[in-house]
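1. Sequence first, then the predicted structure, then my questions.
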Amino acid sequence: MIEEFNIMIVGVGGTGVLTLSRILGHAAVLEGEKVRVGEIHGMAQRGGSVFCEVRIGNKVYSPIIPQGRADILISLEPVEALRAAYKVSSKSIVLMNTHPIIPPVVSLGLARYPSLEEILEKMRKFSSKIIARDFTELAKEVGTVRVLNTLMLGVVYSIGKIPLRKESIERAIEDVIPPRFVSINIEAFRRGIAEGQGLVKEQIS
Amino acid sequence: MSLEEIISLDAPGTRVLLLGNEAIARGAIEGGIGVFTTYPGTPASEIADTLALVAKRIGMYMEYSTNEKVAMEVAGAAAIAGVRAMTAMKHVGLNVAADPFMTLAYVGVNAGMIVVSADDPSCWSSQNEQDNRYYALLSGVPMLEPANPQEAKDMVLYGLRISEELKLPVLLRTTTRISHMRADVTLGPIQRPSLKGSFEKDPQRYVPVPAHARRLHIALLEKMEKAKEISEKCEFNAIIEGEGTSEYGVITSGAAFNCVMDALHMLNIDVDVLKLGMTNPLPEQIVIDFLKRCEKVIVVEELEPYLELQVKMLAYEHGLNVKILGKREGLLPRFHELSPDVVLNAICNAFGIKHHSGNSNTMEVYEKEVKEILPPRPPILCPGCPHRAIFYAVKEATKGKAVYPTDIGCYTLVLNPPLKTADILFCMGSSIGTSCGLSKVLDSAIVAGIGDSTFFHAGIPGLINAVYNKHKFVLVIADNETTAMTGHQPHPGTGITGLGEKSTAVAAEDVAKGCGVKFVKVVDPYNLEETIRAIKEALEADEVAVIVARRKCALLATRERFEKGEKIIPYKVDPEACKGCKICITRFGCPAIVWNGKHAQIVEELCIGCGVCAQVCPHNAIGEAK
């Protein structure tokens, strides 16, 4: 049995954050683990910052990951990774999509969107194990930006830290994703695993 | 397996992943609930949405009622007539339903009845974070507080049993972190609902005229004495024993219990925990016995010191010396939801424990160096949202100089720049009542905005008031043909019921006319010129004027077009024609339009081709992409 394993998933409403948390939660149940997933629904979903917290293990009760205790942070958007920075520590692995979604307040000139260098520099104060890449482009290569979430799950899975079997995750994808999109998401997940193996050597020491 | 299959799966012992609200829906199915009613509201909505998937097939009646008051009455009457019933609402919904709820406690029920109140600490999707546990005290109704989806489901079944034993409705009080927690749940057997009721006339009980009500109040208090005995034996009130070395204790319930357990795990200390699942009435003897074995106790709960005051009262009444700490000592806040970190600090402070986490300066770095560079990303109206067009028209027609009472729905988001056409809000339907008050005392024009579902829910009495008492303002009913914010539930205007059956669609314009409004116009907000002209005409009227701006929610419309296989043709900015005035960004503000440094640009993946920006552009620089 797992004692405690925490995965934080962040992004912008409507980009697949909730779906990814459901896949992980379902995979954990398939393996007989205790699981707690914290989700945000309702008004917060309309194009705003969205975050989900997946917690697996028999010592876990709350769906809220305590500060610094996320083992993995998956961020579908760069600035949203930074917004969740307090959840990670030097032990955490951060997987960051570098493709930004500019909030309207920035277009209106009421706020500034930090540069990627700035985001990474700040992020390194929390964890040095950061894998950053434009996964949106990679998702388009697979076929559609809609598979960004499962693609990034594959990348993070290839690091080998998620304590669930690959078969369970693929089965969870089949169960959670609508039937007509299952095969492309499985493809994205596997492509992520393949891409991840190279990236890990490159970016994590 | 789809949710539809999982939720009605007749395979006891199966473990599945369910959202707290889905688990409550499952509890309703396992408990043979015959009548389910609701008005959608986050964080309660998914209970009804889940049941809507299967109700017809499993023989349950479910409805999206016009509002929570009606929902309470429908379910209450069914339970009186001997059919198990449930009604679910968000915390502020219980305010709307408070009138029937309070007297239903006097009248009581015959079959089991569960009232679900989903509270929202931290106001994730709400206008306040009131603590509805006080409704249990106020009404004299037993209350159960689950700490996870499994308990949420099991408490529905337990609640039905004690509801029938006491002949009282039972309040099942959840919070966002329970309703929207997804967790492993073990399924139990399913009971087929019975919809056949019977009603034995008994006016002394069912018609609380003063003479009857005085007796019924005493009977209710007697029932609460019996409920105390039930609470002492309730399986959900339990002590999680430490190793027996500690004289410290924690008393907690619901979501706060989870934070306590996480904090104790992080601290790795030996403390006894009294977890309360039935929190009205409290199991007084259990609490007293727990207090007796402790030197010091901290009460950990979200929002108000509901348990804390009662625990302190019991300690006083029994002359106990134990030190009881909580909110009144400033150890825990009376606002927002708790987190394991907040509870960890409170426990350390209460018991004098020093804790050094590996990342003690994490929050400091975050507060000092990260927060300042984070651009805010609040929720926004979707690309192509008809509300954006409506309130752009409102602002143009009034030159931004009116006062804009607003209401509860997606369109409340027009409070943000650039539209800034939401000025005052209390609750569902308040746009109309506040307009009456403001128009009486202000010289400026008043243009109120209300959604279709909200209008049917609580807008109509306000509109009748405006006609009858001669108030003068413009009411724009932003009719997107659905209840969008909570997940696209049907409402009286849609002509589709919760069971998916066709019924009479109630048109907002007919209701307005029926209320006595003389100026009523229906417009398509995607036609800006028509909409602006109608608002200007309405402003000229001598009395309350109503404009129904009707256009289906963009999310729903796009989904339907996608399913039909229709192609969505996005719009495009002609870089040559764009003069860089940025009106499309700084005055209209569709998130699909961005500034690329030289000219406006439409993000193709986001644009749904509504074409309103093409009408906003003064230089004809926007058109359909070829």
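-> Good, I have the coordinates. Numbering: from 1, shown residues only, chains lettered A, B, ... in the order given.

2. what's around residue 4, how many residues?
-> I went with chain A, as the question did not name one. 17 (other C-beta atoms under 10 Å in any protein chain shown). Just so you know, the C-beta spots here come from the backbone N, C-alpha and C atoms, and that holds for glycine as well.

3. um, chain B though
-> 13.

4. Likewise for the one 5 residues further on?
-> Residue crowding around B:Leu9 was assessed by other C-beta under 10 Å; the count is 15.

5. any idea how far chain A is from B:Pro12?
-> 17 Å (C-beta to the nearest C-beta, to the nearest Å).

6. So for that residue, what's the nearest residue that isn't a sequence neighbour?
-> With sequence-adjacent residues excluded and distances taken as C-beta to C-beta, 6 or more residues apart in numbering or on different chains, B:Pro12 is closest to B:Pro189, at 4.7 Å.

7. And the pLDDT for that neighbour?
-> We have a pLDDT of 98 for B:Pro189.

8. Am I right that it is in contact with B:Glu30?
-> Yes - the criterion here is C-beta atoms under 8 Å, and B:Pro189 meets it with B:Glu30 at 6.6 Å.

9. In terms of neighbours, single out the busier of those two.
-> Set B:Pro189 next to B:Glu30 and count neighbours by other C-beta under 10 Å: B:Glu30 wins out with 20 against 9.

10. Angles on the backbone of the more buried one, please.
-> Per-residue torsions, B:Glu30: phi -70, psi -30 (degrees, to the nearest 10).

11. and if you look at B:Ala600?
-> According to degrees, to the nearest 10, B:Ala600 has phi -70, psi 150.

12. how about the nearest residue to it once chain neighbours are set aside, what does it touch?
-> Leaving aside its chain neighbours, B:Ala600 sits nearest to B:Val573 (4.9 Å; criterion: C-beta to C-beta, 6+ apart). B:Val573 is in contact with B:Ile593, B:His599, B:Ala600, B:Gln601, B:Ile602, B:Ala621, B:Ile622, counting by C-beta atoms under 8 Å, 6 or more residues apart in numbering or on different chains.

13. Could you dump those residues into TSV and include secondary structure and pLDDT?
-> Below are the contacts of B:Val573 laid out as TSV (DSSP: H, G, I helix; E, B strand; the rest coil; pLDDT from 0 to 100):
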residue	secondary structure	pLDDT
B:Ile593	strand	94
B:His599	coil	96
B:Ala600	strand	96
B:Gln601	strand	96
B:Ile602	strand	96
B:Ala621	coil	98
B:Ile622	strand	98
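
14. Distance to B:Val156 and neighbour count added to those, as a markdown table?
-> Putting those into a markdown table (distance: C-beta to C-beta, whole Å; neighbours: other C-beta atoms under 10 Å in any protein chain shown) gives the following:
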| residue | distance to B:Val156 | neighbour count |
| --- | --- | --- |
| B:Ile593 | 47 | 25 |
| B:His599 | 57 | 16 |
| B:Ala600 | 53 | 24 |
| B:Gln601 | 52 | 16 |
| B:Ile602 | 49 | 20 |
| B:Ala621 | 58 | 21 |
| B:Ile622 | 53 | 22 |
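
15. any idea which of those is closest to chain A?
-> B:Ile593 (7.4 Å; C-beta to the nearest C-beta).

16. can you tell me which residues contact the closest one?
-> B:Ile593 sits next to A:Ser107, B:Val573, B:Cys584, B:Ile585, B:Ala600, B:Gln601, B:Ile602, B:Val603, B:Cys613 when contact means C-beta under 8 Å, 6+ apart.

17. Now with 7 Å, please.
-> The contact partners of B:Ile593, taken as C-beta atoms under 7 Å, 6 or more residues apart in numbering or on different chains, are B:Cys584, B:Ile585, B:Ala600, B:Ile602, B:Cys613.

18. Could I get these in JSON lines, plus columns for distance to A:Pro78?
-> Converted to JSON lines, those look like this (distance: C-beta to C-beta, whole Å):
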{"residue": "B:Cys584", "distance to A:Pro78": "26"}
{"residue": "B:Ile585", "distance to A:Pro78": "22"}
{"residue": "B:Ala600", "distance to A:Pro78": "23"}
{"residue": "B:Ile602", "distance to A:Pro78": "22"}
{"residue": "B:Cys613", "distance to A:Pro78": "27"}
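
19. which element is B:Ile535 on?
-> Remark: B:Ile535 resides in helix B:528-540, with elements defined by DSSP states H and E.

20. Now do the helices in the stretch 501-626 of chain B.
-> Using DSSP state H, counting those that start in this stretch, the helices of the stretch 501-626 of chain B run over residues B:508-514, B:528-540, B:554-563, B:583, B:612-616.

21. Which positions in the lengthiest helix in chain A come out as buried?
-> Ordering each helix of chain A by length in residues (DSSP state H) puts helix A:182-203 first. By neighbour count on 16 or more other C-beta atoms under 10 Å in any protein chain shown, the buried set for helix A:182-203 is A:182, A:184-193, A:195-196, A:199-200.

22. Residues touching that helix, excluding its own?
-> Contact partners of helix A:182-203, identified using C-beta under 7 Å, 6+ apart, comprise A:131, A:133, A:138-139, A:142-143, A:147, A:150-155, A:157-159, A:169-170, A:173-174, A:177.
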